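Visitor: one predicted model, sequence on top.
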Amino acid sequence: MPGMAAAVASGDALVKSVAALAVSLGLEAREQFRAGKRIWGSERRIDVILTDPVTRRRLGVECKYQGTAGSAEEKIPTTLQDIAAWPIPGIVVFEGDGFSPNMRSFLIASGKAVSFSDLEPWLRLFFGMEL
């Protein structure tokens with residue numbers, strides 16, 4: 001969806017953009033799904049859950065936006081561990097100029113993250129849609 005990445009300016013906007021992209025592809029999107037508790041007792045929420053309405057295959061999406069250098073990237077390793085505890089497959093969708101080149105490389109190398117600009121073809125592959 002050309003131009004959509006330019007509209008992302010916050011974490012909340014990224015959640016909304018991921019959900020909107022999914023719906024445009026024919027998927028169901030549910031935001032801020034409560035999925036139990038973390039080991040230290042806080043509530044676990046999945047930013048977006050995508051569901052194929054035909055196969056019922058699901059994917060959890062954790063959205064990370066960082067517009068300037070800061071602490072969001074320090075939370076990435078914990079986020080990846082948290083995703084491993086979800087009852088469904090999951091990925092991190094990241095966006096923003098604040099992620100360092102090293103963190104971008106780490107995210108992509110994890111196999112569990114994709115930039116928002118690359119999300120549409122990734123979702124098409126995951127859900128078995130026309131390319």
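Guide: Arrived safely, thanks for sending. Treat the numbers as computed from the prediction; the structure is a model and nothing was measured.

Visitor: which parts of the longest helix seen in the chain are buried?
Guide: Longest helix in the chain, counting residues (DSSP state H): helix 11-24. Residues G11, L14, V15, K16, S17, V18, A19, L21, A22 are the ones in helix 11-24 that count as buried (16 or more other CB atoms under 10 Å). Bear in mind the C-beta positions are built from the backbone N, C-alpha and C, glycine included.

Visitor: repeat that for stretch 65-84.
Guide: Those would be Y65, Q66, A72, E73, I76, T79, L80, D82, I83, for stretch 65-84 by 16+ other CB under 10 Å.

Visitor: avg pLDDT for it?
Guide: Stretch 65-84 carries an average pLDDT of 81.

Visitor: contacting residues around that stretch?
Guide: 8-11, 13-14, 38, 44, 60, 62, 64, 90-92, 94-100, 103, 106-107, 110, 112-113 (CB atoms under 8 Å, 6 or more residues apart in numbering).

Visitor: now stretch 117-129
Guide: With CB under 8 Å, 6+ apart, stretch 117-129 has contacts from 1, 5, 18, 21-22, 25-27, 50, 52, 55, 57, 59, 91, 93, 95, 114, 130-131.

Visitor: in this structure, which spans are strands?
Guide: 28-37, 43-51, 58-65, 90-95, 113-115 (DSSP state E).
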